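Engineer: Sharing a model prediction with you, sequence too.
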Amino acid sequence: MICTVIQNKTASGIEEIMAVSEMVEIRLDRCSLSDGEIEACFESDVPAVATCRVAEVMEKNPGMTEARAAAICEDLLCKAVRAGARYVDVEIEAPRYMSRKVRSCAMEYGTSFIKSYHDFGGTGTLEELKDMVGKCRRNGAEIVKIVTTAHCPEDAERVLSLYDEYRPEELLAFCMGEAGKESRLMCLAKGAPYTYAALSEDDAAAPGQRTAAEMSRTLYGDRRFVDARIDIPSSKSFAQRAIIAAALAEGVSRLGGYSPCGDNEAALAAARSLGAGVSVDGTSLEIKGIAASPGCLSIGSLHTGESGLLTRLMIPLLPMLSSSPVRITGEKTLLDRPLKGAEKMMSAFGAGIRSDSADCRIPLEVSGPLKCGKAEISGKDGSQLISGLLMSLPLGDRNSTVTVKDPKSIPYMFITMDVIRKFGVRIRNEMLGGQAFADSGGDWSFCTEMVFRVNGGQRYKAADFTIEGDWSSAANFLVAGAVFGEVTVSGLDTSSLQADLSIMDILMEAGASLSQTGDSTGPVTVRRSPLKAFSTDASNCPDLFPIVSVLAAFCQGTSRISGVDRLAHKESDRGKAILDMLLKMGVQASIEGNALVVEGHSLASRILGRNLLRGGEYTSSHDHRMVMALKVAELGADSPVTIDDTDCVAKSFPTFFELYHKLLPDI
């Protein structure tokens, strides 16, 4: 990215420059700003570097001691950090006590700490340069900045060779002077998080500094960046659970915020098959429930479309509701997806399940009665069958205790409990784990056992509420904004139980600029910022895997995404599909154990290195989430991406392409 240096400007002047810059450095030693003005500048979404040189403050104030100047710099820099500075830059010559205090403040507020060295006279030997990198690191640098003066091309080459010795995302190394001018751009090709540019030729902060406009033309050419506002559809995880719960309830439920898609429409059809009355008026649903009780139905079959969630919810529910066996049918990719764990779980509660296939695939027959009681089941095959069990057992005539060993996709079980609670059904739960779980403060990733205590004899009661927006759908647009421009998404709740809310944590770890207006349901904005490699465990949010792998391809460094074992039986063999996609696009990637490892490069590095993702013909593997990931990847490809089957997005997000075209409306 290009960081425009701002100096000798008022607060209003800084605001004007930030409005047209992708990133800025604000020289607090050269701009006279009040505390309020500092806060206003650095709370902006525009990534900003805070810099204040002790020597500059002393030069402007003859007779001032170094200690006093350092105190002034420390105060200004810490105010910028607390206001939201993305980076804070402290020179190697600054007093160590000042440097330590600023670094401590930066660590507290999540600001990256830069330790910088400038040589205005020349360029040392490679060993001297490496020694200086080491010195900066010993002084706490997260990012080392080495800037020297080049008198010949070899000087610049020597400085740029540092990128071969250290992680590029942790290094800012280039040269001043005419001989070093090109290095200001080439450092981006090497993987530097950003480079510096002047607002104008008269505003150059150092010899050889290009203007931001010149740098932008050279780097980006006629490339356009995305800029869009997107209204996100409702969460099908919430919608399907709510539709079925409303169908089971006594009375009429009214659900707002409904977004039609293949899986949601399948849930409505299933509700009608159960005997519920369903009417749809735009985004509003009105469902008259059947006042469900054990054995209240006698239906021969039920169709679940292509929805794995709906199928798994109905497998334990139907033996509780129906007095006779029920055949469950489906279509498309669902027919190829084994329902692992279904037979053992049903057997544990005295119910039957029979499939023509050895690995329990649709079509199949379930029979009851589902008997309440105590049972221990494995959670390693996911949460959806368990969610169906949690919706079914409260209707039984006795209390039940369900112990889930090695639970996966834990947030989805909490979504189930949250939805049925709205319909008057209560379940108590306890999460257990070893010392790691205790030490983590209850981090779900370390949970090894969940215990659910369910009182029998409960009945669903009608409820009215609005279905919240879908984080898995939003993730595609949030990643598009983080890598390729700026996107604001509406209709989400940042206090949601949805597992895919994790995309916010992933983006923050990668370095994206995120903000929200208003309360937890206000619009969320993400914009370009220097992106670095990240490590995350997607075991509890496997639907994020495709789009997060695309994000990793544009994050400088090696990213690790754990949880590959959760991908084998999605709409495709998703782990293989993702790896095949990345490799075909020219991304260095591999699966190591249970993790997808991706070697990423910044967008600037890919542009300068002529290493954009490869366009061409790709397969979606009939997987809706692969289609969305491929289209976001196309924004950083060297040619259009053609996909063999795009109709499959209708399964979860039929308006995806309509919203996708808002990213670049004129193309």
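Structural biologist: That came through, no problem.
Engineer: Need the nearest residue in space to the residue minimising distance to the centre of the chain, chain neighbours excluded.
Structural biologist: Geometric centre of the chain, nearest residue: I503, 2.0 Å, by Cα atoms, centre = their mean. Leaving aside its chain neighbours, I503 sits nearest to A475 (4.2 Å; criterion: Cβ to Cβ, 6 or more residues apart in numbering). For glycine as for every other residue, the C-beta is placed from the backbone atoms N, C-alpha and C.
Engineer: and the residue nearest to the centre of the chain, how far is that from L603?
Structural biologist: I503 is 19 Å from L603, where distance means Cβ to Cβ, to the nearest Å.
Engineer: Give me the phi and psi for the nearest residue to P325 once chain neighbours are set aside.
Structural biologist: Nearest residue to P325, sequence neighbours excluded (Cβ to Cβ, 6+ apart): S367, at 4.0 Å. Backbone torsions of S367, given as degrees, to the nearest 10, read phi -140, psi 150.
Engineer: Now that S367 has come up, it's in contact with G350, right?
Structural biologist: No: if you go by Cβ atoms under 8 Å, S367 and G350 don't touch, sitting 10.2 Å apart.
Engineer: Among those two, which residue is more densely surrounded?
Structural biologist: S367 (17 against 14; other Cβ atoms under 10 Å).
Engineer: how about the strands of the stretch 251-400 of the chain, start to end?
Structural biologist: For the stretch 251-400 of the chain, the strands defined by DSSP state E, counting those that start in this stretch occupy 252-256, 277-281, 284-288, 301-303, 326-329, 352-355, 364-367, 374-378, 400-405.
Engineer: Would you reformat those as CSV and include distance to K9 and mean pLDDT?
Structural biologist: Shown next, in CSV, are the strands of the stretch 251-400 of the chain (distance: least, Cβ to Cβ, whole Å; pLDDT from 0 to 100):
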stretch, distance to K9, mean pLDDT
strand 252-256, 48, 98
strand 277-281, 54, 97
strand 284-288, 52, 98
strand 301-303, 65, 98
strand 326-329, 67, 98
strand 352-355, 71, 95
strand 364-367, 70, 97
strand 374-378, 62, 96
strand 400-405, 59, 98
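Engineer: Arrange these in CSV, one row each, with distance to K461 as further columns.
Structural biologist: Shown next, in CSV, are the strands of the stretch 251-400 of the chain (distance: least, Cβ to Cβ, whole Å):
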stretch, distance to K461
strand 252-256, 9
strand 277-281, 16
strand 284-288, 13
strand 301-303, 23
strand 326-329, 25
strand 352-355, 30
strand 364-367, 26
strand 374-378, 27
strand 400-405, 20
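Engineer: looking at those strands, which is closest to M585?
Structural biologist: Across those, the minimum distance to M585, taken as Cβ to Cβ, is reached by strand 374-378, at 36.3 Å.
Engineer: CA atoms of the closest one as PDB?
Structural biologist: Provided in PDB are the C-alpha atoms of strand 374-378 (Å, rounded to 0.1, in the frame of the first residue of the first chain):
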ATOM      1  CA  LYS A 374     -29.200 -40.600  29.400                       C
ATOM      2  CA  ALA A 375     -26.800 -41.200  26.600                       C
ATOM      3  CA  GLU A 376     -23.200 -40.300  25.600                       C
ATOM      4  CA  ILE A 377     -22.600 -39.500  21.900                       C
ATOM      5  CA  SER A 378     -19.700 -38.300  19.800                       C
END
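Engineer: Show me which positions of it end up buried.
Structural biologist: For strand 374-378, the neighbour count (16 or more other Cβ atoms under 10 Å) marks A375, I377 as buried.
Engineer: now that strand, how far from the chain's geometric center?
Structural biologist: From the chain centre to the centre of strand 374-378 is a distance of 33 Å (Cα atoms, centre = their mean, to the nearest Å).
Engineer: Can you tell me what sits against it?
Structural biologist: Strand 374-378 is contacted by residues 341, 344-345, 348-349, 386, 400-406 when judged by Cβ atoms under 8 Å, 6 or more residues apart in numbering.
Engineer: orientation of that strand relative to strand 400-405 in degrees?
Structural biologist: Orientation check (axes from the mean of the first three to the mean of the last three Cα atoms, to 10 degrees): strand 374-378 against strand 400-405 gives 20 degrees.
Engineer: and E22, how many neighbours does it have?
Structural biologist: Quick note: E22 (other Cβ under 10 Å) scores 22 neighbours.
Engineer: now do M581
Structural biologist: 25.
Engineer: There's contact between it and L630 in this structure, I believe.
Structural biologist: Yes: counting by Cβ under 8 Å, M581 does reach L630; the two are 6.7 Å apart.
Engineer: From start to finish, how long is stretch 77-92 in a straight line?
Structural biologist: By Cα to Cα, to the nearest Å, the extent of stretch 77-92 from end to end equals 15 Å.
Engineer: One more: stretch 272-289?
Structural biologist: 10 Å.
Engineer: Mind listing what's buried along that stretch?
Structural biologist: Neighbour-count burial for stretch 272-289 flags S273, L274, G275, A276, V278, L285, I287, K288, G289 (criterion: 16+ other Cβ under 10 Å).
Engineer: follow-up on the earlier one: wait, what's in contact with the residue nearest to P325?
Structural biologist: Each residue near S367 by Cβ under 8 Å, 6+ apart is listed here: P319, S324, P325, V326, A351, G352, I353, R354.
Engineer: quick revisit: is it possible to get CSV of the buried residues of stretch 272-289 that adds distance to D119?
Structural biologist: Converted to CSV, these look like this (distance: Cβ to Cβ, whole Å):
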residue, distance to D119
S273, 76
L274, 76
G275, 80
A276, 76
V278, 73
L285, 68
I287, 72
K288, 78
G289, 76
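Engineer: Distance from the chain centre to stretch 158-175, please.
Structural biologist: Its chain's C-alpha centre lies 29 Å from the corresponding centre of stretch 158-175 when counted by Cα atoms, centre = their mean.
Engineer: got it, and stretch 486-503?
Structural biologist: The mean C-alpha position of stretch 486-503 is separated from the chain mean by 9 Å, Cα atoms, centre = their mean.
Engineer: Give me the buried positions along it.
Structural biologist: Across stretch 486-503, burial judged by 16+ other Cβ under 10 Å covers 486-489, 491-493, 496-503.
Engineer: Neighbours of D464, how many?
Structural biologist: Neighbour number of D464 under other Cβ under 10 Å is 12.
Engineer: So what touches the helix or strand of the chain with the lowest mean pLDDT?
Structural biologist: When the helices and strands of the chain are scored by mean pLDDT, DSSP states H and E, helix 435-439 comes last with a mean of 88. Helix 435-439 has contacts (Cβ under 8 Å, 6+ apart) with M431, D443, F446, C447, T448.
Engineer: Among those residues, which one sits closest to G63?
Structural biologist: Proximity of the contacts of helix 435-439 to G63 (Cβ to Cβ) peaks at D443, which lies at 54.6 Å.
Engineer: distance of the closest one from E108?
Structural biologist: 21 Å.
Engineer: More neighbours: which of the two?
Structural biologist: Using other Cβ under 10 Å as the criterion, D443 and E108 rank with D443 on top: 14 against 11.
Engineer: OK, contacts around that one?
Structural biologist: Applying Cβ under 8 Å, 6+ apart to D443 gives the contacts F437.
Engineer: what's the answer for S323, then?
Structural biologist: Taking Cβ under 8 Å, 6+ apart, one finds G295, C296, L297, S298, G368 in contact with S323.
Engineer: same thing with Q498?
Structural biologist: Contact analysis of Q498 by Cβ under 8 Å, 6+ apart lists S235, S237, F238, P411, I415, E468, D470, W471, S472.
Engineer: Burial check on the closest residue to the second one other than its chain neighbours, number of neighbours?
Structural biologist: Across the structure, with Cβ to Cβ, 6+ apart as the measure, the residue nearest S237 apart from its sequence neighbours is I415 (5.8 Å). Other residues within reach of I415 by the criterion other Cβ under 10 Å amount to 22.
Engineer: Check the separation of the first and last residues in stretch 451-469.
Structural biologist: Start and end residues of stretch 451-469 are separated by 29 Å (Cα to Cα).
Engineer: Name the residues of it that are buried.
Structural biologist: Using 16+ other Cβ under 10 Å as the test for burial, stretch 451-469 gives 452, 454-455, 458-463, 466-469.
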